[in-house]
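Engineer: Okay, here's the prediction I keep looking at, along with the sequence it came from:
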Amino acid sequence: MNRQRHDSSILKSLIFVILSSLFLTACNGDLLRQGEDMLNQYRPLTEEEIAAGLKEALKVGTERVVDQVGHQGGYYQDEAIHIPLPARLQPVQETLTKVGLGHYLAELEQGMNRAAEVAAPKARKLFIDAIRQMSWQDVKQIYNGPDDAATRYFQNAMTPELKRLMRSVVDDSLAQVGVVQLYERVMDRYRSIPLAPEVNVDLGGYVIQHGIDGMFYYLAKEEAAIRQDPAKRTTEILQRVFGPSNRR
């Protein structure tokens with residue numbers, strides 16, 4: 001009986017030692033991982049990490065912006081980027097309103113905004129291509145620049161190309177939502193009024209410029225948010241590059 005008790009005691013002790021070892025190993029593993037995470041957090045960023053993080057930030061930001069403005073009401077119902085009638089159409093609006101045809105201009109304004117909403121998603125690829133083509137020098141200047149440095153970079157580098165490539169898209173969108181036909185009808189009504197001064201407006205160019213301005217407006221906000229707000233850093237590389245220990 002004593003022998004059995006002795007064997008049982010040894011077995012319990014052995015089990016305790018094994019479980020304790022496993023527990024300590026697990027704890028040590030956790031501690032090691034935590035230590036590695038802390039070292040990585042404060043390890044100086046490499047050029048590759050900075051480039052990857054910034055490009056990821058711009059990709060995330062442009063995706064959010066395009067999704068925000070590229071749906072029905074994205075421009076028309078947003079006071080910050082709503083596209084108003086061109087100033088040159090002011091006399092047309094005043095003249096037609098006097099004869100009870102002002103609703104044509106309201107429909108035209110809504111159609112212009114809708115055209116920008118239809119065209120916006122087509123700019124997604126242009127932004128992604130521009131991000132991929134950024135040089136290390138571009139990346140470094142943007143990363144060390146102000147909160148809207150990337151937006152300024154895009155405005156300077158992309159606006160001419162955006163205008164050129166979006167021209168056919170916007171023209172197609174204007175036709176698709178009926179703006180071209182409506183504009184012609186509005187102008188026919190206007191020109192039928194005696195002594196009405198001649199008015200010429202490039203609706204396509206006007207919508208393109210305001211559409212691009214609207215995207216850049218929100219891109220600047222997204223860029224600043226990713227730099228400042230931890231909740232906006234939705235990927236590991238964003239947390240690493242824009243975390244507190246790596247702020248300028």
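Structural biologist: Right, received. Where do you want to start?

Engineer: And the pLDDT at Arg43?
Structural biologist: We have a pLDDT of 60 for Arg43.

Engineer: now Ser9
Structural biologist: We have a pLDDT of 61 for Ser9.

Engineer: Check the one 5 residues further on too.
Structural biologist: Leu14 carries a pLDDT value of 50.

Engineer: Isn't Glu107 up against Tyr183?
Structural biologist: No - applying Cβ atoms under 8 Å as the test, Glu107 and Tyr183 come out as separate, 10.0 Å apart. To be clear about C-beta, it is placed using only N, CA and C from the backbone, and glycine gets the same treatment.

Engineer: Among the two, which residue is more densely surrounded?
Structural biologist: Tyr183 (20 against 15; other Cβ atoms under 10 Å).

Engineer: Mind exporting the C-alpha coordinates of the stretch of helix or strand that one belongs to to PDB?
Structural biologist: Counting by DSSP states H and E, the element that carries Tyr183 is helix 179-191. Extracted C-alpha coordinates of helix 179-191, given in PDB (Å, rounded to 0.1, in the frame of the first residue of the first chain):
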ATOM      1  CA  VAL A 179     -27.100  66.000 -69.800                       C
ATOM      2  CA  VAL A 180     -26.000  66.600 -73.400                       C
ATOM      3  CA  GLN A 181     -29.600  66.300 -74.700                       C
ATOM      4  CA  LEU A 182     -30.900  68.400 -71.900                       C
ATOM      5  CA  TYR A 183     -28.300  71.100 -72.400                       C
ATOM      6  CA  GLU A 184     -29.100  71.300 -76.100                       C
ATOM      7  CA  ARG A 185     -32.800  71.700 -75.200                       C
ATOM      8  CA  VAL A 186     -32.100  74.400 -72.600                       C
ATOM      9  CA  MET A 187     -30.000  76.300 -75.100                       C
ATOM     10  CA  ASP A 188     -32.500  76.000 -77.800                       C
ATOM     11  CA  ARG A 189     -35.200  77.500 -75.500                       C
ATOM     12  CA  TYR A 190     -32.800  80.200 -74.500                       C
ATOM     13  CA  ARG A 191     -31.800  81.200 -78.000                       C
END
